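> below are the sequence and a predicted model for it; my questions follow.
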Amino acid sequence: MMKLEDLKSLNPKNPGAWPWPAKILAFITLFSSVVVAGALFDWQGEWGKLQTVKKEEGGLKETFLNKKREAINLDLIKKQLIETQASFGALLKQLPSKSEMDALLTDINQAGLGRGLQFELFKPGAEKVNGAFAEQPITLKVTGNYDDLGKFSSDIAMLPRIVTLNNISITPSGNVLTMNAVAKTFRYLDEKELAAKKPAAKKKGKKK
C-alpha cells in the first residue's frame, strides 16, 4: 500500500515512471471523476427536461381550466338564452295580432262602460312601428266618479293584452271627474308586414 509520502514524490509530468500501485490509483480516481462528471451532466439535462415538462403541465392545466370556465359560461349563457326566449314567448302571447286589435279596442271601451263611465272621446291614433312591433295609441276622455275611474284603470291593467295608461290628467267637472289619458297597446307585425319592411330598410341603408 502506498503512503502519502510516496504519492508526494511522484512526478506528475512523467506518469509512465510511476509504480503500478500509483498508476492504478490514478486510473481509479480519473475514472471516478469521469463517471461523476458524466452523471452530473446527464442529471442536469434531465433536470432541464423535468422543468420543461412541469412548465408544459402548468400550461395545459391553465388551458384546461380556461376551457372549463368557458364551458360553464357557455352553459350559463345557453340557460339564460332559453329563459329569455321563454319570457319573450310569454310576452309575445300578450300582444294581439293585427286581426285582434279591433277586439282589444272593444275590450278597452267595454271596461269603461262596465264601470259606468261616459266616453267623451275614444280615438285610436296612427300606429308607430318599432322593430317587430307596432304601438297603437288611443286618446281617451272619460267622466265618472273617483272610485269608478280607479276601477277602470285597474281593469285596464288586468286585461290579457298589454295596455298602459299614459299622460293621465284628472279634473273635476261638477259632481264628476274628467280623465284625459292616452292608452297604449302593442301588437306584433305579421309575416307580410315584416317582409315589407326589409326592402324599405335596404333602400334606407343605400341612401345613407
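Everything's here; your move.

> quick one, phi psi at the nearest residue to residue 167 once chain neighbours are set aside?
Spatially, and ignoring its direct neighbours in sequence, residue 167 is nearest to residue 182 (4.7 Å; C-beta to C-beta, 6 or more residues apart in numbering). Quick note: C-beta positions are derived from backbone N, CA and C, even for glycine. Backbone torsions for residue 182, taken as degrees, to the nearest 10, come to phi -120, psi 110.

> wait, what's in contact with residue 182?
137, 138, 139, 140, 165, 166, 167 (C-beta atoms under 8 Å, 6 or more residues apart in numbering).

> show me what the helix or strand where the third one lies is packed up against.
Taking DSSP states H and E as the definition, residue 139 sits inside strand 133-144. Counting contacts by 3 or more C-beta pairs under 8 Å, 6 or more residues apart in numbering; DSSP states H and E, strand 133-144 packs against helix 101-114, strand 118-124, strand 128-130, helix 146-157, strand 176-188.

> return the residues in contact with residue 195.
With C-beta under 8 Å, 6+ apart, residue 195 has no contacts at all.

> that one - that's part of a strand, no?
No - read with DSSP: H, G, I helix; E, B strand; the rest coil, residue 195 is helix and lies in no strand.

> domain assignment for this protein?
Listed by automatic domain parsing, the domain ranges of the chain are 20-93, 98-191.

> lowest-confidence stretch among these?
Lowest mean pLDDT of the domains of the chain: domain 20-93, a mean of 63.

> the closest residue to residue 116 other than its chain neighbours and residue 178: what is the separation?
Spatial nearest neighbour of residue 116, excluding adjacent residues (C-beta to C-beta, 6+ apart): residue 148 at 5.4 Å. Distance, residue 148 to residue 178, by C-beta to C-beta, to the nearest Å: 12 Å.

> again with residue 112
13 Å.

> check residue 171 too.
5 Å.

> more neighbours: these two, which one.
residue 178 (17 against 9; other C-beta atoms under 10 Å).

> list the contacts of that one.
Residue 178 neighbours (C-beta under 8 Å, 6+ apart): 120, 141, 142, 143, 170, 171, 172.

> beta partners of it?
residue 143, residue 171 (DSSP bridges).

> what of residue 137?
With DSSP bridges as the rule, residue 137 is bridged to residue 184.

> residues in contact with it?
124, 125, 126, 128, 182, 183, 184.

> from residue 187, how far out is the fourth one?
It stands for residue 128. Distance from residue 128 to residue 187, by C-beta to C-beta: 11 Å.

> common neighbours of those two, please.
In contact with both residue 128 and residue 187: residue 134, using C-beta under 8 Å, 6+ apart.
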